[in-house]
Each structure stands twice: as structure tokens, then as C-alpha cells.
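Novice: Predicted model, plus sequence, below.
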Amino acid sequence: STSINNIFNEEIREGASNRFTVDFDYSGNSNAVPQGLAFAMIFKTPISKTLKDRVDNRIKSQLRFEDFMKTGITYQHYIKKWDGTFFVTYQHRQMRNIVGSKQTFELLFYGNARFEGDTADLSNLRFQNFIYNQYGGGVKKKIDYGTYQMQFGMGFYFLQVINHQDISTNKSWIYTATDGEYIDFNYDLTFNNAREGATKFGQLNGGGASGDFNIGFMNKNKWKLTLDVQDIGALTFRRFPVNYTAAKFVRFQGIVIPDLT
């Protein structure tokens, strides 16, 4: 886990008025998933049986995983007369959040053979995936009050949607009969998906807006207290959205082929 870059608490060195920053920030947290599995999913590389077994052995009852990636470039300009700074920035953002039962992981990565004559619990699954570009800018400034100082900052951004999935379940399970004679599937599912990502850098498959806000108080060279509120906003999807909500029971008994020829 690494700290996420916060532009409001960066300082331009004394005597300078311009600053370019190129940064890559990544943070990942999980109770069972090693980063090797996360990287394999992000970069679409094969997931070995050894890696799957390692995760399966670590999960006690529930899997939890979240990660956050932010990379881009920022330009800052200090205005001496105003004693403040404005900035413009481009960032590529990816965020994932996964919560699910151990049986959900085993069903997805091993199939249902190990659940023959048994029920796999798929309740309380949550999967969220956000991939988007962020363009925008803002200002930050400090105000002196003798030995004390106050700082404030704000940034506003346009969001270009690339891809998005959001899946959640309530009471859901799957039962596999002995010898695979039939499969019972009971689900209470909500699924929201932007099926196709941006095929070109400037293509707009969805859009949104967000803001960052900062306020701080300090006694010069002694202490500093800041409050940051980041990524307050919303996204909407224009191209090929899928929104599905249902609670159903399904029994699958195979496909009948009356004539193989």
C-alpha cells in the first residue's frame, strides 16, 4: 500500500513559480488476495492453479479486496501577487472493490464440480469496477494570521467514462445435483454495466463531474491540521448501458438435442 498523492498539501519550492509533476500511485488492500492475482486480472495475464490455490487457502469465510490506481500529469503555477497557486491536471483512474463469500470465489475460479450434491452460497456479493479519465483544475491558497495560517483549496473535474461494472446480490445460491443431473440457481441480483469501453482516447461513452476540497489550519513550523474531501461526484453512461434487477429461481436440466445431424 502506498500513500495517494494529494496536490493540496504539496509545496512549490521557494523562488519557483512553475512545477510539473508526473505521478503513479497505487494502493491495494485485502484479507486474502495477493497482489499477483490483482495484477493478473488488471493486465489480463494467465492465473495459475498455484495462485488460485494460494488465495483459496487464505480465505476463511469471506474475501475482501480493494485497489486504487491513479496516474497522470499535473502543472502548477504560483502567482506571487495573489500568493496562491492554480493547477491543471490529467489523471487516469481505476478503482475496484470486491466482497464475496469463500464459496463464490471457489465457484468462479474452480467451477461447480466441487459442489456436487451441495449448495454454494452466493449471497452478499459486491463487485465494483470503475475505469475513467479525469481532466480539470483548481486553486489553492494560504492566508496568514500572525503566527497562524489557514489554507484552502478546491478542484473541479470532468470525467470521461471508459468502463464500469457494478454487481450486487442478496440471498442467492446454486445447487448442483449428483452427477450434474440438474442445477438449481436462486438469485436476487442487481447488475449495472457499461459494456463497451472507449475505443478511442477522446471517445465519450459516458461522462460525469467530481470535486476535491481541502481546508487546513497550522501554527507555522509547529503543527498542521488538514481536512480533505476527495472524489465527490457522479458518473452517467451513454453508450450500451445494461441495467438488470431480478429475483428468480431457475432449474437447468441441460439442452435437449433431438437430432445430432
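Specialist: Sure thing, it's come through. Numbering: from 1, shown residues only.
Novice: State whether residue 44 is indeed within a helix.
Specialist: No. Applying DSSP: H, G, I helix; E, B strand; the rest coil, one finds residue 44 to be coil, outside a helix.
Novice: Quick one: the strands in the stretch 101-250 of the chain, in order.
Specialist: 118-121, 126-145, 148-169, 173-176, 183-194, 206-219, 223-237, 241-252 (DSSP state E, counting those that start in this stretch).
Novice: which element is the most centrally placed residue in the chain on?
Specialist: In the chain, the centroid-proximal residue (C-alpha atoms, centre = their mean) is residue 95; its distance is 1.6 Å. Using DSSP states H and E, residue 95 sits in strand 84-101.
Novice: burial count for the closest residue to the residue nearest to the centre of the chain other than its chain neighbours?
Specialist: Distance criterion C-beta to C-beta, 6 or more residues apart in numbering; nearest residue to residue 95, sequence neighbours excluded, is residue 130 at 4.6 Å. Quick note: C-beta positions are derived from backbone N, CA and C, even for glycine. Residue 130: 19 surrounding residues under other C-beta atoms under 10 Å.
Novice: and residue 130, what does it touch?
Specialist: 93, 94, 95, 96, 163, 164, 235 (C-beta atoms under 8 Å, 6 or more residues apart in numbering).
Novice: Tell me the secondary structure at residue 8.
Specialist: helix.
Novice: so how far is residue 245 from it?
Specialist: 39 Å (C-beta to C-beta, to the nearest Å).
Novice: ok, now residue 54?
Specialist: Look at residue 54 and residue 245: by C-beta to C-beta, they are 35 Å apart.
Novice: Those two: which is more packed in?
Specialist: residue 54 (15 against 10).
Novice: Surely that one touches residue 34?
Specialist: Yes. Applying C-beta atoms under 8 Å, one finds residue 54 in contact with residue 34, separated by 6.6 Å.
Novice: so what's residue 158 closest to, chain neighbours aside?
Specialist: residue 135 (5.0 Å).
Novice: So what pairs up with that neighbour in the strands?
Specialist: Following DSSP bridges, residue 135 is listed with bridge partners residue 90, residue 158.
Novice: likewise residue 67?
Specialist: residue 28, residue 96.
Novice: Equivalent analysis for residue 188, please.
Specialist: residue 247.
Novice: list the contacts for it?
Specialist: Contacts for residue 188 (C-beta under 8 Å, 6+ apart) come out as 169, 170, 171, 172, 246, 247.
Novice: Mind giving me the ChimeraX command for buried ones among those residues?
Specialist: To isolate the buried ones among the contacts of residue 188 in ChimeraX, judged by 16 or more other C-beta atoms under 10 Å, type:
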select :169,172
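Novice: nearest to residue 16, of the contacts of residue 188?
Specialist: Using C-beta to C-beta, residue 169 comes nearest to residue 16 of the contacts of residue 188, at 52.9 Å.
Novice: that older thread, among the strands of the stretch 101-250 of the chain, which comes closest to residue 41?
Specialist: strand 126-145 (9.7 Å).
Novice: Buried residues of the closest one, list them for me.
Specialist: Buried, per 16+ other C-beta under 10 Å, within strand 126-145: 127, 128, 129, 130, 131, 132, 133, 134, 136, 138, 140.
Novice: Residue 145 and residue 25, how far apart?
Specialist: Residue 145 is 33 Å from residue 25, by C-beta to C-beta.
Novice: again, but for residue 218
Specialist: 24 Å.
Novice: next one: residue 176
Specialist: 43 Å.
Novice: More neighbours: the two, which one.
Specialist: Neighbours were counted for residue 176 and for residue 25 using other C-beta under 10 Å; residue 176 has more, 22 against 15.
Novice: For that one, give the beta-bridge partners.
Specialist: In beta-bridge terms (that is, DSSP bridges), residue 176 pairs with residue 116, residue 183.
Novice: And for residue 140?
Specialist: Going by DSSP bridges, residue 140 forms beta bridges with residue 85, residue 153.
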